[in-house]
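S.K.: the sequence and its predicted three-dimensional model are supplied below.
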Amino acid sequence: MHLDAVIWEWIFVGIRILAIFVITFAIVPYTVMAERWVCAAIQDRIGPNRTGWFGLMQPWADALKLFLKEDFIPNHVRKAYYILAPTLVFLPALLTMALMPWGSNLGPMSCVLADIGPGMLVVFAVGAFSVYGIVLAGWSSNSKYPFLGGVRSAAQLISYEVCIGLSLVAVFMQTQTLNLTQTVLYQAGHGWLVWQQPLAAFLFLVCMFAETNRAPFDFPEAEQELVSGYNIEYGSLKFGLFFLGEYANMMVASMLLVTLFLGGWSLPFAPFNAPALVWWVGAAHVAIFIAKTACVLFLFIWVRWTVPRLRYDQLMGLGWKVLFPLALLNILITAIVLGLRGGA
Amino acid sequence: MTAYDAIFWFFSLALLLCGVLVLISPNAVASGLYLVLSFFFLAGLYVLLQAFFLALIQVLVYAGAIMVLFLFVVMLLDFQESRRWWHGNLLGLVGAPLAVAALATALLPVLKQSGALAAIPEQWFEGTLENVMTPVFTRYLLPVEIIALILLAATIGVVVLGRKEKQP
């Protein structure tokens, strides 16, 4: 059967869209699972092991439970915004996935859905919207704990977004591109950026903990102070969407870290340090990318069950008085080094 | 009507609708959210003009950062929901048409030249990162640096003004 190139392009787009959903819905439930296993191991417990083989069906059982619960909307909420909020938490993560190079290429198909020139700017623009989900949930719930969670979230995310942007400026100065695929290719040729920009990588990691509302920065849902923050008034599948959104954002943050600092789909030796020419290298690239993402996700979980939550003023102090000047310093150092090298 | 026109009209009408809703919605937070939505549609119009960088910055800076701060303040101040778009203010009846007329006179020369705009070569509109930033850091370096200095002065001023008075 002969199909011309345009139709093949459309088929590839369809496959890549499907792949994004498959990757998201394969990784996210098992991140929840891993969270419970790792926390059980750290706290010297057994963890979920009853549902299915070694408890592997547990996330699906949880999802089914949430799905079958009554979809209850309290009387005192602002309905339209209340319903909109969980979607706004989940949607940015999926949109960002469209820009993520989760492999080099599989045969003639490249593994990134939207290879936009300034891709990183799009990631920022889309990512900035996840804050609206939380703020809206807090406000539309019309009750005090969610409201406090929403307000905290707004302040926290704005503070740390500045720092993320500045920490990445140094990276872009070095790679000379805002495109995620190009960044990965740069690292395939010049070595991983985490060795060349260790300070930027560290700042980015810390800010990502804050951006995804993970401990030690999980203020919007600090259990001891706010019961469970912005999502108190939510139940059933709407709560499930918040839950899913939190882990999806965590996954996207890990993938960004892998793409920007840990070499993306590449490994520093042949044949994995260049775009795949044969299909099995392409498949290996996808596997490498997912394995690296899993390692970063493990780090996220490990930190959550090890480090206690900061105090709110400490969070703001850390963001503005430590990370922010460090990011500026990093830009200065990078500029001086690049200037002395004469290249740029 | 081409697809381009259809998208243009969709974004324009949605933008105007959101603008009106910002003014008449009874709740301040809702107004803010409509403003965010209108920034989105405005960014869509920029994309239609191939000003991709401007569109991204519009979403990133205005919708992503500034409006979050706005909403933060509005939510903290907790306005009552009695805000109505019409206060029985007679001055508004005169002022609003005057403002519209002033804007129209300002825009009329531009609208008249829309035919001339079409004659401009297309690459002038290409708003990619390089095309926007190269003039900023070469030809317009001095004005940009002066603006940066003014903003820095304003930032320092805000910090000084916002500092709590020390107890004697």
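M.R.: Ah, there it is. Numbers count the residues shown, from 1 in each chain, chains lettered A, B, ... in the order given.
S.K.: for A:Val307, grab phi and psi.
M.R.: Here is the backbone geometry of A:Val307 (degrees, to the nearest 10): phi -100, psi 130.
S.K.: contact partners for whichever residue of the stretch 151-300 of chain A sits closest to chain B?
M.R.: Residue nearest to chain B within the stretch 151-300 of chain A (Cβ to the nearest Cβ): A:Ala154, separated by 4.2 Å. The way it works is simple: take the backbone N, C-alpha and C, and place the C-beta from them, glycine included. By Cβ atoms under 8 Å, 6 or more residues apart in numbering or on different chains, A:Ala154 lies in contact with A:131, A:134-135, B:68-69, B:71-72, B:75.
S.K.: which among those gets closest to A:Leu56?
M.R.: Nearest to A:Leu56 among the contacts of A:Ala154: A:Ile134, at 30.6 Å, using Cβ to Cβ.
S.K.: gap between the two ends of stretch A:270-287?
M.R.: End-to-end span of stretch A:270-287 (Cα to Cα, to the nearest Å): 16 Å.
S.K.: what residues sit buried inside it?
M.R.: By neighbour count on 16 or more other Cβ atoms under 10 Å in any protein chain shown, the buried set for stretch A:270-287 is A:272, A:275-276, A:281-282, A:284-286.
S.K.: any idea how far it is from the middle of the chain?
M.R.: What separates the centre of stretch A:270-287 from the centre of its chain is 24 Å, taken as Cα atoms, centre = their mean, to the nearest Å.
S.K.: the residue of the stretch 151-300 of chain A closest to chain B: which element?
M.R.: helix A:144-175 (DSSP states H and E).
S.K.: any idea how far A:Ile46 is from B:Pro135?
M.R.: Distance of B:Pro135 to A:Ile46, computed by Cβ to Cβ, to the nearest Å: 64 Å.
S.K.: looking at chain A, which helix or strand does the model trust least?
M.R.: helix A:223-226 (a mean of 68; mean pLDDT, DSSP states H and E).
S.K.: would you mind getting the angle between the very next helix or strand once past it and helix A:144-175?
M.R.: Next helix or strand after helix A:223-226 toward the C-terminus (DSSP H and E): helix A:236-261. Here helix A:236-261 runs at an angle of 20 degrees relative to helix A:144-175 (axes from the mean of the first three to the mean of the last three Cα atoms, to 10 degrees).
S.K.: what is the mean pLDDT for helix A:236-261?
M.R.: Across helix A:236-261, pLDDT averages out at 86.
S.K.: same question for stretch A:102-109.
M.R.: 76.
S.K.: likewise for stretch B:145-163?
M.R.: For stretch B:145-163, the mean pLDDT works out to 91.
S.K.: quick revisit: what's the most distant pair in the contacts of A:Ala154?
M.R.: A:Ile134 and B:Leu69 (14.8 Å).
S.K.: mind checking which of the two has more residues around it?
M.R.: Summary of the neighbour comparison: A:Ile134 and B:Leu69, criterion other Cβ atoms under 10 Å in any protein chain shown, with A:Ile134 having more neighbours (30 against 12).
S.K.: how about the more buried one, what does it touch?
M.R.: Counting by Cβ under 8 Å, 6+ apart, A:Ile134 touches A:85, A:89, A:149-150, A:153-154, A:157, A:213, A:220, A:230.
S.K.: hmm, try it at 7 Å
M.R.: Applying Cβ atoms under 7 Å, 6 or more residues apart in numbering or on different chains to A:Ile134 gives the contacts A:89, A:150, A:153, A:220, A:230.
S.K.: I'd like those as CSV, with distance to B:Phe52 appended.
M.R.: Formatted as CSV, these follow (distance: Cβ to Cβ, whole Å):
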residue, distance to B:Phe52
A:Val89, 27
A:Gly150, 32
A:Ser153, 30
A:Pro220, 33
A:Tyr230, 33
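S.K.: neighbour-wise, give me the winner out of those residues.
M.R.: A:Tyr230 (31 neighbours).
S.K.: quick check, it in contact with A:Gly138.
M.R.: Yes. Between A:Tyr230 and A:Gly138 there is a contact under Cβ atoms under 7 Å: 4.4 Å.
S.K.: neighbours of residue 63, how many?
M.R.: Looking at chain A here, since you left the chain open. 17.
S.K.: that answer is for a different chain, and I need it for chain B
M.R.: For B:Ala63, the neighbour count with other Cβ under 10 Å is 22.
S.K.: and for B:Leu42?
M.R.: 22.
S.K.: can you mark which positions in the stretch of helix or strand A:Cys207 belongs to are buried?
M.R.: Taking DSSP H and E as the definition, one finds A:Cys207 inside helix A:198-211. Buried residues in helix A:198-211, counted by 16+ other Cβ under 10 Å: A:200-211.
S.K.: re the thing from before, and the two most separated of the contacts of A:Ile134?
M.R.: That would be A:Val89 and A:Gly150, which, of these, are the farthest apart (Cβ to Cβ) at 11.7 Å.
S.K.: quick one: contacts for the residue in chain B positioned nearest to chain A?
M.R.: Chain B approaches chain A most closely through B:Gly64 (2.7 Å), counting by Cβ to the nearest Cβ. Neighbouring residues of B:Gly64 by Cβ under 7 Å, 6+ apart: A:125, A:128-129.
S.K.: picking that back up, the closest residue to the residue of the stretch 151-300 of chain A closest to chain B other than its chain neighbours: how many residues sit nearby?
M.R.: With sequence-adjacent residues excluded and distances taken as Cβ to Cβ, 6 or more residues apart in numbering or on different chains, A:Ala154 is closest to B:Phe72, at 4.2 Å. For B:Phe72, the count of nearby residues is 21 (other Cβ under 10 Å).
S.K.: and the gap between B:Phe72 and A:Ala85?
M.R.: Taking Cβ to Cβ, one finds B:Phe72 at 16 Å from A:Ala85.
S.K.: repeat for A:Trp192
M.R.: Distance from A:Trp192 to A:Ala85, by Cβ to Cβ: 38 Å.
S.K.: same drill for these two, tell me which one is more crowded.
M.R.: The residue with more neighbours, out of A:Trp192 and A:Ala85, is A:Ala85; 30 against 19, by other Cβ under 10 Å.
S.K.: check contacts around that one.
M.R.: A:133, A:136-137, A:140.
S.K.: which residues of chain B fall in helices?
M.R.: Using DSSP state H, the helices found in chain B span residues B:3-24, B:28-48, B:52-57, B:67-77, B:90-112, B:114-118, B:129-137, B:141-162.
S.K.: any chance of the ones you listed in a markdown table, plus distance to A:Arg16?
M.R.: Formatted as a markdown table, these follow (distance: least, Cβ to Cβ, whole Å):
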| stretch | distance to A:Arg16 |
| --- | --- |
| helix B:3-24 | 23 |
| helix B:28-48 | 22 |
| helix B:52-57 | 21 |
| helix B:67-77 | 31 |
| helix B:90-112 | 42 |
| helix B:114-118 | 37 |
| helix B:129-137 | 25 |
| helix B:141-162 | 40 |
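S.K.: weakest of those helices in terms of mean pLDDT?
M.R.: For these, mean pLDDT drops lowest on helix B:114-118, to a mean of 60.
S.K.: A:Gly342 versus the most centrally placed residue in chain B, what's the distance?
M.R.: Closest residue to the average C-alpha location of chain B: B:Phe39 at 6.6 Å, with Cα atoms, centre = their mean. Going from B:Phe39 to A:Gly342 by Cβ to Cβ gives 42 Å.
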